[in-house]
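> Got a sequence here, can you model it:
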Amino acid sequence: MLTALVHAYRSERVKTLRPRVLIPLLIGTGAVAAIAAATLVALTDSPTAGISGPLKPLQTATSFICLILMAVAANSFTKEYRYGTWRNLLVRLPDRPELLLGKVAGQAVLAVLVAATTCLATVATTWIAACLRHLDTSAWTSGPVWLGSVSVALRVLAALVAATVYGSAAGLLLRSTGAALSVLFVWILVGESALTVFAAAQGWAVSAWLPGSALTRLASDAHWAPAALSVAAWCAVLLSGSIWYLSRTTRVT
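This is a model prediction of the structure:
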């Protein structure tokens, strides 16, 4: 089992780390993080306050970066249908659950690289912009802020990995890039907003338990534990459903 999973992971990793995929993704997400950082420092009165330190702007940008990673993961899985490569993969790696988990792990490598890139871009941009505004950044070197920054970085990484799982599951189950992205984006951008407003009118707080909102709260909310549990549960449900589907379906082309 482990050997098949490792082979599937290595195969997917080679595909995801191709320069024509990796370089534009890292440049684009790094630019999003840098723009968010520069904007926050330029337009807010106390951009250096809080225990999140120089990574504070990344908490705002993470939700958009998650959408990008969902799109990349969904497109990677739907390409297997479009080019008819699922059948070839299953000949080489007939253990379907291991194949799926290995492919998701390969996609998660992108999430790790994007997290590292966006963290570096955010820190560099925030620091430069703060210096240009002659803001006091001495608090950023204190122990609590360092710990807060590490917490933000790890939570952003977790959110990006979860977004990869969401996109992979949508691509596998819906088989079409257009259908997968439509369902993901409409639900997260429209459906969850409408549901949150309706629930708030009834006195219910549901945003921490919705899949897309939970990603945002995981990265940005000081009380992030409920969102972390929600994200973990959604990832488990989506992975389990995807394994069940791939193990039983005969429609692999």
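
> Can you give me every residue that contacts the residue nearest to A199 when sequence neighbours are not counted?
Leaving aside its chain neighbours, A199 sits nearest to V206 (4.4 Å; criterion: CB to CB, 6 or more residues apart in numbering). Every residue, glycine included, has its C-beta placed from N, CA and C. By CB atoms under 8 Å, 6 or more residues apart in numbering, the contact set of V206 is L195, T196, A199.

> mind checking how far the second one is from Y9?
Same thing as T196. In this view, T196 and Y9 are 36 Å apart by CB to CB, to the nearest Å.

> Can you pick out the residue with more neighbours from these two?
Higher neighbour count among T196 and Y9: Y9, with 21 against 16, using other CB atoms under 10 Å.

> Show the subsequent helix or strand relative to the helix or strand harbouring R10.
In this structure, R10 sits in helix 2-16 according to DSSP states H and E. Next along the chain after helix 2-16, taking DSSP H and E as the criterion, comes helix 19-43.

> sorry, back to before: between the helix holding R10 and helix 19-43, how big is the angle?
For helix 2-16 against helix 19-43, the angle by axes from the mean of the first three to the mean of the last three CA atoms, to 10 degrees is 70 degrees.

> name the helices or strands packed onto helix 2-16?
Judged by 3 or more CB pairs under 8 Å, 6 or more residues apart in numbering; DSSP states H and E, the packing partners of helix 2-16 are helix 56-82, helix 86-92, helix 96-132.

> Please spell out which residues along the second one are buried.
Applying a neighbour-count criterion of 16 or more other CB atoms under 10 Å, the buried positions in helix 86-92 are W86, L89.

> helices or strands next to that helix in the packing?
helix 2-16, helix 96-132.

> what's the most buried one of the ones you listed?
helix 96-132 (a mean of 21; mean count of other CB atoms under 10 Å).

> Now do the helix or strand just after that one and helix 19-43, the angle between them.
Downstream of helix 96-132, the next assigned helix or strand under DSSP H and E is helix 143-174. On the basis of the same axes, to 10 degrees, helix 143-174 is oriented at 140 degrees to helix 19-43.

> where in the stretch 1-150 of the chain is pLDDT low?
1, 45-50 (pLDDT under 70).

> closest one to I23 among the helices and strands packed on helix 2-16?
Among those, the nearest to I23 by CB to CB is helix 96-132 (10.6 Å).

> Tell me how many other residues crowd the residue nearest to A61 when sequence neighbours are not counted.
Nearest residue to A61 in three dimensions, chain neighbours excluded: A36, at 3.8 Å (CB to CB, 6+ apart). Neighbour count of A36, defined by other CB under 10 Å: 24.
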